[in-house]
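A.B. asks: Kindly generate the corresponding structure for this input.
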Amino acid sequence: MSGHSKWAQVKHKKAVVDARKGKVFSKIAKEIAVAARLGGGDPDSNPRLRTVIEKAKEVNMPSENIKRAIMKGTGELPGLTYEESIYEGYGPGGIAILLEVLTDNKNRAVSEIRHIMSKNGGNLGEAGCVSWMFEKKGYILVEKAKIDEDSLMSVALEAGAEDMKNDPGEENYEIITAPEDISKVKSVLEAAGIPMALVEITMLPKNYVALGEKSAEQMIRLIDALEDHEDVQNVYTNFDIPDEVMAKVGK
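C.D. replies: Alright, predicted model coming up:
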């Protein structure tokens with residue numbers, strides 16, 4: 001899991017900062033609308049919608065925006081229809097890249113994403129070229145300073161977590177769950193008074209590829225460019241990045 005914890009936290013901090021500028025609200029609104037269209041507008045019976053609403057609240061998205069996005073998804077308000085797409089490719093150093101996209105114009109989206117990739121040392125590949133390198137999982141970070149390993153492991157595994165990792169040099173424990181179990185595990189940890197630094201459903205790489213400083217910096221520029229695109233919801237990669245470079249990006 002080397003590298004994933006650090007990068008997950010960097011992305012989380014960026015999302016909070018971007019939210020202050022209103023950058024992430026439109027992306028989350030799309031996600032809410034799609035979740036509501038596919039599973040209905042009631043978060044109690046729609047786990048996907050419930051998860052997205054939690055993400056929206058975490059970045060202080062106004063409740064009126066959330067309600068409006070749900071109503072657009074259910075058809076109670078007019079709105080664009082977004083299609084979900086997965087794009088796959090490679091970045092600098094042969095790093096695998098998996099993109100989750102929501103767009104109202106697939107032709108435009110793929111053209112713009114291809115341009116971003118080629119401009120930053122990457123390229124789009126065929127469907128299936130890298131998706132086999134990832135697994136969809138629930139992912140929770142807990143700061144090591146908040147609780148000892150044995151206590152956390154006992155609670156997490158009893159709650160239904162698949163695994164817990166304690167990599168040396170990392171500031172956080174990493175708890176891995178099946179996607180459908182993340183809400184249950186989160187609730188049990190909350191009930192036990194255990195604070196969580198991050199809770200998300202993500203695509204975890206099965207293996208990691210180490211990058212030198214030059215390739216790492218190029219890779220980070222590529223990811224930043226992809227994440228800035230209005231249709232790109234999530235970017236997943238399998239790089240392992242040097243601590244000194246990660247420290248620069250995290251500032």
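A.B. asks: domain parsing for this structure?
C.D. replies: When the chain is parsed into structural domains using automatic domain parsing, the resulting residue ranges are 4-74, 84-116+207-249, 133-205.
A.B. asks: now for the ones you listed, which one comes closest to Glu126?
C.D. replies: Shortest distance between Glu126 and the domains of the chain, using Cβ to Cβ, is found for domain 84-116+207-249: 7.4 Å. All C-beta atoms are positioned from the backbone trio N, CA, C, and that covers glycine.
A.B. asks: pLDDT on that closest one, on average?
C.D. replies: Mean per-residue pLDDT for domain 84-116+207-249: 89.
A.B. asks: Kindly reformat the domains of the chain as CSV containing mean neighbour count and distance to Asn123.
C.D. replies: Output for the domains of the chain, formatted as CSV (neighbours: other Cβ atoms under 10 Å; distance: least, Cβ to Cβ, whole Å):
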stretch, mean neighbour count, distance to Asn123
domain 4-74, 18, 21
domain 84-116+207-249, 18, 6
domain 133-205, 17, 16
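A.B. asks: Which one, of the ones you listed, ends up nearest to Gly125?
C.D. replies: Proximity to Gly125 (Cβ to Cβ) singles out domain 84-116+207-249 among the domains of the chain, at 4.6 Å.
A.B. asks: quick one: contacts for the residue lying closest to Glu149 once chain neighbours are set aside?
C.D. replies: Excluding its sequence neighbours, the residue lying closest to Glu149 (Cβ to Cβ, 6 or more residues apart in numbering) is Asn166, at 5.4 Å. For Asn166, the contacting residues are Lys144, Glu149, Tyr173, Glu174, by Cβ atoms under 8 Å, 6 or more residues apart in numbering.
A.B. asks: for Ser131, same thing?
C.D. replies: Ser131 makes contacts with Ile86, Glu88, Leu98, as judged by Cβ under 8 Å, 6+ apart.
A.B. asks: Can you list the strands that the helix or strand harbouring the second one pairs with?
C.D. replies: I take that to be Glu88. The secondary structure element spanning Glu88 is strand 83-90 (assigned by DSSP states H and E). Strand 83-90 sits in its sheet next to strand 96-103 (antiparallel), strand 123-124 (antiparallel), going by DSSP bridges.
A.B. asks: Many thanks, I have nothing further to ask.
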